[in-house]
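> below are the sequence and a predicted model; questions follow.
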Amino acid sequence: MDKPALFLTNDDGVEADGLQVLIKELHTQGYPIVVLAPASEQSCSGMRLTLDNKLELEEREDLADSIKVSNGPPLRIFSLGGTPCDCAIVAIDGGLNAWAPEIRPTMCISGINQGPNLSVDVLHSGTVSAAREASLYGMPSIALSLATYEHSNFEESLSGMISIIDACASKLPRSPANLGRPEGSKRIPKGSDMNQLVMSAFANGDLILNVNSPRNWNGSIQTVRLGCRWYRNAIDIRDIEKYDVGFKVGASKIVEEDITETDCNAINSGSVSVTPLSSWPINHPLGMSPELMEAATRSSSTGLPAWLH
């Protein structure tokens, strides 16, 4: 069956294994693919933009040729010397139309990221930020992460991630109706029930999905809220009074609260977690209301969001 085109990006860089695995699987399954990803790793870059500097663009025909299947759908891969959000903006605000006009994406997929994007991570993540940036331009978007650094076996839970992409793609119009947001804040979700309203919000780009897969996947999916994850000892306290040392921000300890029906708990139980996020702050005219967020996080019997059924 003819499948809609997808725009892929990430924060680990255009040559990252997670992105390559995702491109290959989606291309093999018949999705036309256009990629614009950072030329180098941009992890934890948040929504940083590159201002007043020229960004170098390169078409990576070598990568595309190594993945393409005979008589497969279109596949174009580009790199940009900028951040994940730079990539989303350049791609959607004219770049893809100029460089790959034969591929008109229905949706943005950011990832697969190496490492978790759970709880507070979504505020720093370049992977999530690229998906959010694309959604701010009116393109439905999903962020994907493998929530471990212990291995890079992206294939293990890939089928779970693809099932989420398939479910979204089957519900969306081929051409994003809100691309570029021509009506600004006047275009609000429409529908006769809460599931239709949530689906409309996702199609408008007012809601994104943040997906994490666990270290060892048990085959299940859970739609859940964000959990509570605390980073302790970000710096070595012994260096506080040494003004001439270079500080390295990290965390010697991560503490997760045991809260049911959250992304942290879902990952720890071996499930793929799906967490709906409002693209806009809640006090923005297009911010998701508590009622819509509750409906967005309601799970179906398969574990996927109920509004995708």
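It's in.
> give the contact list for the spatially closest residue to residue 204 that is not a sequence neighbour.
Leaving aside its chain neighbours, residue 204 sits nearest to residue 178 (4.6 Å; criterion: CB to CB, 6 or more residues apart in numbering). (Each C-beta comes from the backbone N, C-alpha and C, glycine too.) Shown in contact with residue 178 (CB atoms under 8 Å, 6 or more residues apart in numbering): 138, 187, 203-205.
> now swap in residue 6 and tell me
Shown in contact with residue 6 (CB under 8 Å, 6+ apart): 26, 31-34, 105-109, 165, 169.
> of these, which belong to strands?
Among the contacts of residue 6, DSSP state E puts 33-34, 105-109 in strands.
> look up how far residue 127 lies from the nearest residue to residue 123 once chain neighbours are set aside.
Counting by CB to CB, 6+ apart, residue 123 lies nearest to residue 46, which is 7.1 Å off, once chain neighbours are set aside. Note on residue 46: its distance to residue 127, by CB to CB, to the nearest Å, is 10 Å.
> ok, these two, which is more surrounded?
Neighbours per residue, other CB atoms under 10 Å: of residue 46 and residue 127, the larger number sits with residue 127, 30 against 18.
> so which strand or helix has the more buried one?
Assessed by DSSP states H and E, residue 127 sits inside helix 126-136.
> what's near enough to touch residue 139?
Residues in contact with residue 139 (CB under 8 Å, 6+ apart) are 7, 92, 105, 107-108, 176, 179, 205.
> ok, residue 16 next?
10, 37, 41, 114.
> help me confirm that the second one is found in a strand?
Yes: assessed by DSSP: H, G, I helix; E, B strand; the rest coil, residue 37 belongs to a strand.
> bridging residues for it?
residue 79 (DSSP bridges).
> which residues does stretch 47-61 contact?
Contacts to stretch 47-61, defined as CB under 8 Å, 6+ apart, come from residues 14, 35, 39, 76-83, 85-86, 89-90, 95, 99, 129, 132-133.
> buried sites along it?
Judged by neighbour count using 16 or more other CB atoms under 10 Å, the buried positions of stretch 47-61 are 47, 60.
> ok, back up a step: hey, C-alpha coordinates of the helix holding residue 127 in CSV?
Output in CSV follows, covering the C-alpha atoms of helix 126-136 (Å, rounded to 0.1, in the frame of the first residue of the first chain):
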residue,chain,number,x,y,z
GLY,A,126,17.7,17.9,21.3
THR,A,127,15.7,14.9,20.0
VAL,A,128,12.5,16.1,21.7
SER,A,129,13.2,19.7,20.8
ALA,A,130,13.5,18.9,17.1
ALA,A,131,10.1,17.2,17.2
ARG,A,132,8.7,20.2,19.1
GLU,A,133,10.2,22.7,16.7
ALA,A,134,8.7,20.8,13.7
SER,A,135,5.3,20.8,15.5
LEU,A,136,5.5,24.6,16.1
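> quick one: it to strand 33-38, angle?
Counting by axes from the mean of the first three to the mean of the last three CA atoms, to 10 degrees, helix 126-136 points 120 degrees away from the direction of strand 33-38.
> chain center to helix 126-136, what's the gap?
6 Å (CA atoms, centre = their mean, to the nearest Å).
> and that helix, what does it pack onto?
With contacts taken as 3 or more CB pairs under 8 Å, 6 or more residues apart in numbering; DSSP states H and E, helix 126-136 sits against strand 5-9, helix 84-90, strand 105-114, strand 141-146, strand 207-213.
> mind checking the pLDDT average for the fourth one?
Averaging the model's pLDDT scores along strand 141-146 yields 98.
> quick one, it and strand 207-213 angle?
Relative orientation of strand 141-146 versus strand 207-213 (the same axes, to 10 degrees): 10 degrees.
> go on, the third one?
Compare the direction of strand 105-114 with that of strand 207-213 by the same axes, to 10 degrees and you get 30 degrees.
> look up the closest residue to the most centrally placed residue in the chain, ignoring the ones flanking it.
By CA atoms, centre = their mean, the chain has its centre lying nearest to residue 143, at 1.5 Å. Nearest residue to residue 143, sequence neighbours excluded (CB to CB, 6+ apart): residue 131, at 4.1 Å.
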